[in-house]
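Novice: Show me the folded form of this:
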Amino acid sequence: MKHLLPILLIALSLTACTKSRTYFPKDLEPQPVEIVRFDNALLNINTQSALQDIRIISNEYPTFFPFFVENILGVPANDTTYLAEQLPLFLQDTLYGFKQTNEREKILFASTQDLENALCKAFARVHYLYPELPIPTIYLFISGFNASILFFDDDIAVGADMYLGSDYEYYNRVVHDYQKVTMRKECIPIDVVSAHLFRYLPYTSTKSRLIDNMIYRGKIMYLLSQIFSDTPAYEVMGYTKEQWAWCIKHERAIWNLMMDKKDLFKNESLLLTSYLNEGPFTGEISQDSPGRLGTWVGWRIAESYMNHHPEITMQQLIAEPNAEYILQESFYRP
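Specialist: Model prediction:
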């Protein structure tokens, strides 16, 4: 009988680490999110009468049109004559694939009902936890392969031409293979909400060590995973299924290597970049690994912390500034 207690404690510990939590009521009403089809207005410009159409679209979108012209085309918004010369080139170019891309975008984004449904559900959950945050209007636009997500005042602009499918041939000219994983239409809601959360729930630590950055990003990823609870974790992370499986398989080795190298309390910019930024792999760990392993481990720590502390709310998790405390109380032992 004396051996049963340790075994029982181990079993309870394992259960605590794997149980799921629910942060939202099941009957939560969707939050209205407006999608503005600036992409359609842009692609409907008649290149033979560009100046006239530019004046029309400028009147229809008095704030977003100059934002687009200056940030994407790099042209002064008030120089309509020069703009009338450049915009047709931007829309009709075949060398860089803009014309072909615009045609594909028209087909894939003929309907945005699926995006609207996903965004309304996601922002209902964001609003439930943080009712003080603004609900953005989403502007779809054509970026010429320049941008996926841009902030426009309190709103968010989405470069639809950056979400045409991981296998889209013209992406081979402008991005690396590892970047193509999330260049799909169904990835837009996660990218939009992720950008929104990182913008309005910013990094506040006065320290710039790896552990502080890991825990901050991990907390946001944990929140994102709860908002998109019906989405596989690897999709939320922006990994392939194989990359996520690699991380799970090697989780203990990843952690042991980080500990052996004492990387957690370092603050060198190159080390932070290696662990946290997009890349084909995490150089500090292995060339077989996916990028952003620091963020992935931070997420695992945040998840373990919340599983061990059912009394802690999501807002308390996000607000907790002490990364070392979260690490200690997470009992993270891969």
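Novice: Only C-alpha atoms from now on, for both contacts and neighbour counts.
Specialist: OK.
Novice: Quick one: low-confidence residue ranges for the protein.
Specialist: By pLDDT under 70, the low-scoring segments of the chain are 1-20.
Novice: those strands in it, which residues are they?
Specialist: Here the chain has its strands, by DSSP state E, at 35-36, 138-141, 149-152, 155-159.
Novice: List the pairing partners of the second one within its sheet, with orientation.
Specialist: On the basis of DSSP bridges, the sheet neighbours of strand 138-141 come out as strand 35-36 (parallel), strand 155-159 (parallel).
Novice: in the longest one, what's buried?
Specialist: This means strand 155-159. 156-159 (16 or more other Cα atoms under 10 Å).
Novice: Can you convert these into JSON lines and add a column each for distance to residue 82?
Specialist: Shown next, in JSON lines, are the buried residues of strand 155-159 (distance: Cα to Cα, whole Å):
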{"residue": "156", "distance to residue 82": "27"}
{"residue": "157", "distance to residue 82": "24"}
{"residue": "158", "distance to residue 82": "25"}
{"residue": "159", "distance to residue 82": "23"}
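Novice: Identify, from those, the entry nearest to residue 93.
Specialist: Of all the buried residues of strand 155-159, residue 93 sits closest to residue 159, with 17.4 Å by Cα to Cα.
Novice: Not counting sequence-adjacent ones, nearest residue to the closest one?
Specialist: residue 148 (4.6 Å; Cα to Cα, 6 or more residues apart in numbering).
Novice: can you pull the contacts of that neighbour?
Specialist: For residue 148, the contact set (Cα atoms under 8 Å, 6 or more residues apart in numbering) comprises 158-160, 162-163.
Novice: Kindly report the domain assignment for the protein.
Specialist: Following automatic domain parsing, the chain resolves into domains at 35-199, 204-330.
Novice: and those domains as JSON lines, adding distance to residue 28?
Specialist: Shown next, in JSON lines, are those (distance: least, Cα to Cα, whole Å):
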{"stretch": "domain 35-199", "distance to residue 28": "7"}
{"stretch": "domain 204-330", "distance to residue 28": "12"}
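Novice: At which residues are the helices of the stretch 1-150 of the chain located?
Specialist: 4-18, 38-43, 50-60, 64-68, 80-92, 98-108, 113-129 (DSSP state H, counting those that start in this stretch).
Novice: Name the nearest residue to residue 275, ignoring sequence neighbours.
Specialist: residue 294 (4.7 Å).
Novice: how about the one you found, what does it touch?
Specialist: Here residue 294 is in contact with 210, 214, 275-276 (criterion: Cα under 8 Å, 6+ apart).
Novice: Could you list the residues in contact with stretch 183-200?
Specialist: 115, 118-119, 122-123, 133, 149, 156, 158, 160, 162-166, 220, 224, 228, 235-236.
Novice: Any buried residues in that stretch, and which?
Specialist: 183-197.
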